[in-house]
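Participant: sequence plus predicted model, see below.
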There are 4 protein chains.
Amino acid sequence: MSLLADLLTTVFERRYAGASSADPRPVDELVRALMDARDEMTVMEIARLVLDRYSSMDDAARHRFFEFITDEMDIDTEAVRTALTAFESDRGAPNYSALVAAAEPPRQEFARRLNQVPGATAQLVRMRGDLLRLMRQHPELARLDVDLRHLLRSWFNRGFLVLRPIDWESPANVLQKIIAYEAVHAIDSWEDLRLRLEPSDRRCFAFFHPAMPDDPLIFVEVALTRGIPGAIDKVLAEERTPLRPEEADTAVFYSISNCQPGLTGISFGNSLIKQVVADLAAKWPQLRTFVTLSPIPGLAAWMAEREIDAPKGTSDDTAALQRIAARYLMDMKDGRLRDPVARFHLGNGAEIHEIHINADPSPTGRTQSHGVMVNYLYDPARIARNLEGFVAGKPAASRRVQTLARQADKKEPK
Amino acid sequence: MSLLADLLTTVFERRYAGASSADPRPVDELVRALMDARDEMTVMEIARLVLDRYSSMDDAARHRFFEFITDEMDIDTEAVRTALTAFESDRGAPNYSALVAAAEPPRQEFARRLNQVPGATAQLVRMRGDLLRLMRQHPELARLDVDLRHLLRSWFNRGFLVLRPIDWESPANVLQKIIAYEAVHAIDSWEDLRLRLEPSDRRCFAFFHPAMPDDPLIFVEVALTRGIPGAIDKVLAEERTPLRPEEADTAVFYSISNCQPGLTGISFGNSLIKQVVADLAAKWPQLRTFVTLSPIPGLAAWMAEREIDAPKGTSDDTAALQRIAARYLMDMKDGRLRDPVARFHLGNGAEIHEIHINADPSPTGRTQSHGVMVNYLYDPARIARNLEGFVAGKPAASRRVQTLARQADKKEPK
Amino acid sequence: MSLLADLLTTVFERRYAGASSADPRPVDELVRALMDARDEMTVMEIARLVLDRYSSMDDAARHRFFEFITDEMDIDTEAVRTALTAFESDRGAPNYSALVAAAEPPRQEFARRLNQVPGATAQLVRMRGDLLRLMRQHPELARLDVDLRHLLRSWFNRGFLVLRPIDWESPANVLQKIIAYEAVHAIDSWEDLRLRLEPSDRRCFAFFHPAMPDDPLIFVEVALTRGIPGAIDKVLAEERTPLRPEEADTAVFYSISNCQPGLTGISFGNSLIKQVVADLAAKWPQLRTFVTLSPIPGLAAWMAEREIDAPKGTSDDTAALQRIAARYLMDMKDGRLRDPVARFHLGNGAEIHEIHINADPSPTGRTQSHGVMVNYLYDPARIARNLEGFVAGKPAASRRVQTLARQADKKEPK
Amino acid sequence: MSLLADLLTTVFERRYAGASSADPRPVDELVRALMDARDEMTVMEIARLVLDRYSSMDDAARHRFFEFITDEMDIDTEAVRTALTAFESDRGAPNYSALVAAAEPPRQEFARRLNQVPGATAQLVRMRGDLLRLMRQHPELARLDVDLRHLLRSWFNRGFLVLRPIDWESPANVLQKIIAYEAVHAIDSWEDLRLRLEPSDRRCFAFFHPAMPDDPLIFVEVALTRGIPGAIDKVLAEERTPLRPEEADTAVFYSISNCQPGLTGISFGNSLIKQVVADLAAKWPQLRTFVTLSPIPGLAAWMAEREIDAPKGTSDDTAALQRIAARYLMDMKDGRLRDPVARFHLGNGAEIHEIHINADPSPTGRTQSHGVMVNYLYDPARIARNLEGFVAGKPAASRRVQTLARQADKKEPK
């Protein structure tokens, strides 16, 4: 219970950390003291100080802090070379251990020591978020990021993640974050959120890490439908009569959003979708189709590059736009698909299933893809084969979409 | 709820892992397939296979498995050397990243991939337990242990651990493990356990890792008393009138037990004791003294080495035995305390407080220390100073114990 | 987990209640069948049908339903008289049992049978809410209310209620109800709600019944402050630097709201306040003062009745308004205090502590009390004495308020 | 968390109930003070005193206490008669309310007031347990029991009960009660308990009341099997290879035990069995048969009465014993079945399915039924029809059992 936790933390802090919040040492010295500390309680105390100090820094100070860590705690190449030579001459455990120790930059131990403070994991994730932001101007900090990403990838291993349903009974502080992080179809208000969580034919799931129980890492919003929907405004419509889940035959993943900028490059989406497919299939065996309704973020730009005008809306034109979109979605450059969303889903083993025009009338939808959207199909029985094709450079698509793409090649030659 | 979890796992397994439990490939091939797999679902599937296969192996097969991992997934020293040279000429992030990658043995990625299976963490801990056992005959496996320990130390970082009270309302499957793992004063039966958990003046706390919610890592048993007890049989007596906690002025840590042989070398005891001190002090501010009642495992052997007979029981003799024990407890060899329990507590910042003869009448107590026990005192205000002394080779002790030790030097010169 | 509950309920319904939702019988017949049913499963089935049927009724149909229950299930006075005579001649248990059975109207058994359906308790509470509403036009339904109130009072006995903190981690579906039911100072938005729940110096507590875990019965909002605040707009101000709870010396109960119209006449407020006082005092022993900041709903009307104008704002006038308010708050009619809020708090053992002008600038505050508010003080040491006085017709008040009231008597003689 | 609850209760008690545990008033006076108290806090204080006082009473004192309650708080028949006459002349709500009030004995309000203390519900249940025990010698206390049973029946309404699985992860303090209350096949040890809870083909479920979360009301033990077992020792065998639940086609209810003597006469078994049938059927749709394996407690006595010797063990004889058992199970006296277990299950809508000799080799089994056991079958599709027959005096049985019973009539004519 949080009341008790408060109470304990408070007393604990009074006893052990008492005078320290006013510790006069500069942060560099604190960092060095942290690395030198032997006793676990001292480690925790100083780690807390460093984290508190960091919280109150502005960007300039954070930049200096990152620079200090990057420079001060680098790998000692001489030491690695020496350990390497020793290990080559005798591959016993002591030499091995020495080599591993020499080859690990002290920055990792630094991060592990910070993480001894309860609640520090979330702060380390935010710290990496800051780092990624500052790296745009200061690319020399990239070495530090190599280490942080490595450590976070290990700590956020799939085996540690917990899948939790998000619904209208979830804690408000978690829901607040769902509103804040929804990246695909913005949630305007709590009422808007309620419409995505409470109806009997809507579901939402998120991955959590046990050390950050209030912070979703990634979440997916699901609509249970009869048949595959071809337009997002129907999915999000306020005035609907919800289906009973037993009546649905299709689960539509209509939005997937990452929540933690500080975990960029550590991918959870593949696992999340497949776990949710498995869970939904277990609960409602009558669900036959698992499909996304996805944006095509790069379509309009790709067309503009090629000076292809957006068709105007006659039925001929709409067919033309479908063909163009099919062509774009399967387009590869340097061996990889151009569209990032296609890349994600086909990289997971999904296939391009169907293309819908006039599917996203929102300003964003109009601007990025002339309102076109796409369904990616997750068919457990075909995932392995799709993936093989994907790795071999042959993106998987339904016959219909393949035909559309071929027609595009004929009709819109470049 | 576990019913649902069962249900989901079941369906999930049917869908994805269907035929695989009868996969005919030898385990080496599975391991290679695991390392080659791109798709997360495939990784999970093969990882599960490898873990299942491992579970059913006998020791000989496990030895071969460990050998295979150790040999097959070693560091490529040539690659490290090349990456090192490149990094020295250009310390940019790409070279750095390449160096870090080359210097990390593939065994770590192997373990991380195994850990993607829900529940795998506990299996990896057991696997390291097996490894440590087999290493006694096969020291060449020690390199593998270097990597496993490194990874487990990172995963079992203090920041991820959860302190939970263990009481008579705890789940039976957890309590069963408390009975099994109690290492200091054996618990004979569930009734015996109840007597250590249910009375109002008894407490027990354990650290847990979120990925192993049913498996305590370490636990400590506490008695709330008036004054410092000098004999364990009084603490464990069945016929007592329990104190109300508000009446106690002392918390006695009378047993600390590690539960996971597979986490040997990853220490939790220091944190556990200090966290429990903080929590108890928060809950009952009238508690003034935090003290252990500890065995002295090496005393009898040390006396035998020196041909010191155990005194016979006259009051003179009992004083003599106290002096000998004081002398032994502060005895150092090669710069470290001889007694492992003393080393642990003094290394945490505690001090030797008092020595009691006829304190442990159990056969173990008689055999290892002629029935002598010792209190180590944890005084938050003196921990830092005690630790400095400890590092400087001056073990902390109360005046009385110091005097006893000095008298021993005079009376039992070597 | 609600997923599992759904699943079970669904199957359960398919098996047992299959065709019944289309049961063609009129509700009167269903009610009779419910009373006749012997098997518990049949009782549950029919009860569910009756509740479903009731849900879909309009007010006219509900009125007929209540009339039917009231007429059909009345006490049989002849049977009571017979049983009474038999009991008077032989006061043995069989006659006693027969008398008790005869004297209990079948309506109570009817409500108990409806309540066998999981979730029915909340529906019965709503049903009584409807009844109270319809009784305004149809006073002949009052007999039915006598029975429902009696049963609900027994079921919502204090011993069954659970006090739970409401905070920003509470489920959204519960918070939604806090917004809806706040009766004293309206909550405009989720952001407004957050400002009352999340800051470190704000608390909220509610009573729940285990059979209605998502429906608060009553809740109280608390501000932790230094000193007693004299104006609600300061308490509710958005731009505040929150206190740490350890810094507060006062807990201010600034809003108490009942949530269930169907529980009118079953009082929870007294218990709630005293339980919260006890809990806060336990958690933060430095809290010395427990006080409300309350509206004075009847002041303006009382002044209008007496043709007393609201003073205009000079300092003399403000003193005058305080005196008038003091006079009003202690004014009794037919042996009871006129002001309902005063009646509630003084009936709980509180005392009138201080009167503040310009304390509630909201339109409601202006209209009902010319902006005046009052603190009622809960002093555990004086509650018993205050209550004695209250019962004896002497409302408890601080000296200052007593003086103000006396001055009013001199200055505004009637 | 119980730590916090302790803390709060402690402080609360210090503040409010301070000196009261030494209250010198005799219990009669306390009871009267309880009934007179106006303030809820005072009610709680005195109620706690009365309950504490009761706990420390011996049987003689409890008898006097019950006598006092029975005599002092009886119905005032004159008041009832007056209210009845008034109501007959004007059936308005005020008269109705007065009648209801007059006809309810003050004992009920007394029990409701006691129940305001947290935790009091369990004490009231124990109090009725004492009453039932003392009533054997003191039948004049039966009037009090009429009231307590009435109130408890209302409070333990099916809608308030919660079904919880009992497994090896359940709290030890609950499991301890399962061991204590198992009434059919004794549980010898915690290890024995584990064998009934932990294997994958064993289940246990209990009803709980929210106000008694640690006290099961009734529980049922279930074995998942292939086919219907004909002997209890096979079900309880220690050396079994457990089935996976998916492989089972039958759920066997092999033990049902009531836990609360104080709830005698308030039946939960019917609901429990049917709820568990529904839940198991939802979770494992392949389960086709829901059946008990039940003792026949009255068989041996019934045979002795009729001077029928137990057959000796030849195959002819075993057939004879089956016939006798069938005959007995369907035997009625004064319109009801003789065997109490048969009465219970057939009264729930089950049917006698099969009779097994040599099915219970335990001493109890030998003594009460010459080792014979019986399966009662719960077939959701036939429950309604079976019940109609049961009410009409025609107990439901399989053809085979009907034939056996008919053969018995021919062969063992009386």
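Facilitator: Done, it's in.

Participant: tell me how chain A divides into domains.
Facilitator: Chain A breaks down by automatic domain parsing into domains covering A:2-155, A:159-292, A:295-411.

Participant: so what's the one residue sitting closest to the centre of chain A closest to, chain neighbours aside?
Facilitator: For chain A, A:Asn258 is the residue whose C-alpha lies nearest the centre (Cα atoms, centre = their mean; 3.7 Å). Residue nearest to A:Asn258 in three dimensions, not counting chain neighbours: A:Ile218, with 5.0 Å by Cβ to Cβ, 6 or more residues apart in numbering or on different chains. C-beta: built from backbone N, CA, C; applies to glycine.

Participant: surely that neighbour is in contact with A:Ser257?
Facilitator: Yes - at 6.8 Å, A:Ile218 and A:Ser257 qualify as touching, with contact defined as Cβ atoms under 8 Å.

Participant: and these two? which has more neighbours close in?
Facilitator: Per other Cβ atoms under 10 Å in any protein chain shown, whichever of A:Ile218 and A:Ser257 has more neighbours is A:Ile218, with 22 against 18.

Participant: re the thing from before, any idea what the residue nearest to A:Asn258 is bridged to?
Facilitator: Beta-bridge partners of A:Ile218, counted by DSSP bridges, are A:Phe207, A:Asn258.

Participant: contacts only, for it.
Facilitator: Applying Cβ atoms under 8 Å, 6 or more residues apart in numbering or on different chains to A:Ile218 gives the contacts A:206-207, A:256-259, A:268-269, A:272.

Participant: looking at chain A, which helix or strand is least sure?
Facilitator: helix A:2-12 (a mean of 36; mean pLDDT, DSSP states H and E).

Participant: the strands in chain A, which residues?
Facilitator: Applying DSSP state E to chain A gives strands spanning A:162-165, A:202-208, A:218-225, A:250-258, A:289-292, A:294-295, A:332-333, A:336-337, A:351-356, A:373-377.

Participant: got JSON lines for these, with mean pLDDT too?
Facilitator: JSON lines is the format used below for those (pLDDT from 0 to 100):
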{"stretch": "strand A:162-165", "mean pLDDT": "96"}
{"stretch": "strand A:202-208", "mean pLDDT": "97"}
{"stretch": "strand A:218-225", "mean pLDDT": "96"}
{"stretch": "strand A:250-258", "mean pLDDT": "95"}
{"stretch": "strand A:289-292", "mean pLDDT": "96"}
{"stretch": "strand A:294-295", "mean pLDDT": "95"}
{"stretch": "strand A:332-333", "mean pLDDT": "90"}
{"stretch": "strand A:336-337", "mean pLDDT": "91"}
{"stretch": "strand A:351-356", "mean pLDDT": "96"}
{"stretch": "strand A:373-377", "mean pLDDT": "97"}
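
Participant: what's the closest of these to B:Ala61?
Facilitator: Closest to B:Ala61 of these is strand A:162-165 (Cβ to Cβ; 33.2 Å).

Participant: picking up where we left off before, which of the domains of chain A has the lowest average pLDDT?
Facilitator: Among the domains of chain A, domain A:2-155 carries the lowest mean pLDDT, a mean of 86.

Participant: returning to that earlier point: ok, the residue nearest to the centre of chain A touching A:Lys177?
Facilitator: No - A:Asn258 is not in contact with A:Lys177 according to Cβ under 8 Å; the separation is 11.8 Å.

Participant: measure A:Asp317 to A:His370 for me?
Facilitator: The gap separating A:Asp317 from A:His370 is 11 Å, by Cβ to Cβ, to the nearest Å.

Participant: higher neighbour count, these two?
Facilitator: The neighbour comparison of A:Asp317 against A:His370 (other Cβ under 10 Å) goes to A:His370, with 20 against 14.

Participant: and the more buried one, what does it touch?
Facilitator: The contact partners of A:His370, by Cβ under 8 Å, 6+ apart, come to A:299-300, A:303, A:310, A:321, A:357.

Participant: do that again at 10 Å, thanks
Facilitator: A:296, A:299-300, A:303, A:309-311, A:321, A:324-325, A:357-358, A:360 (Cβ atoms under 10 Å, 6 or more residues apart in numbering or on different chains).

Participant: for A:Glu351, give me its contacts.
Facilitator: Counting by Cβ under 10 Å, 6+ apart, A:Glu351 touches A:291, A:345, A:375-379, A:382-383, A:385-386, A:389-390, A:395-398, A:401.

Participant: over to A:Arg32?
Facilitator: For A:Arg32, the contact set (Cβ under 10 Å, 6+ apart) comprises A:25, A:46, A:72.

Participant: ok, now with 7 Å
Facilitator: If a contact means Cβ atoms under 7 Å, 6 or more residues apart in numbering or on different chains, then A:Arg32 has no contacts.

Participant: over to the one 3 residues further on?
Facilitator: Counting by Cβ under 7 Å, 6+ apart, A:Met35 touches A:106, A:110.

Participant: format the strands of chain A as CSV; extra columns: distance to C:Lys333.
Facilitator: As requested, the strands of chain A are exported to CSV (distance: least, Cβ to Cβ, whole Å):
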stretch, distance to C:Lys333
strand A:162-165, 56
strand A:202-208, 55
strand A:218-225, 59
strand A:250-258, 62
strand A:289-292, 70
strand A:294-295, 69
strand A:332-333, 87
strand A:336-337, 82
strand A:351-356, 72
strand A:373-377, 70
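
Participant: do you know which of those lies nearest B:Glu239?
Facilitator: Of all the strands of chain A, it is strand A:162-165 that lies closest to B:Glu239, at 45.7 Å by Cβ to Cβ.
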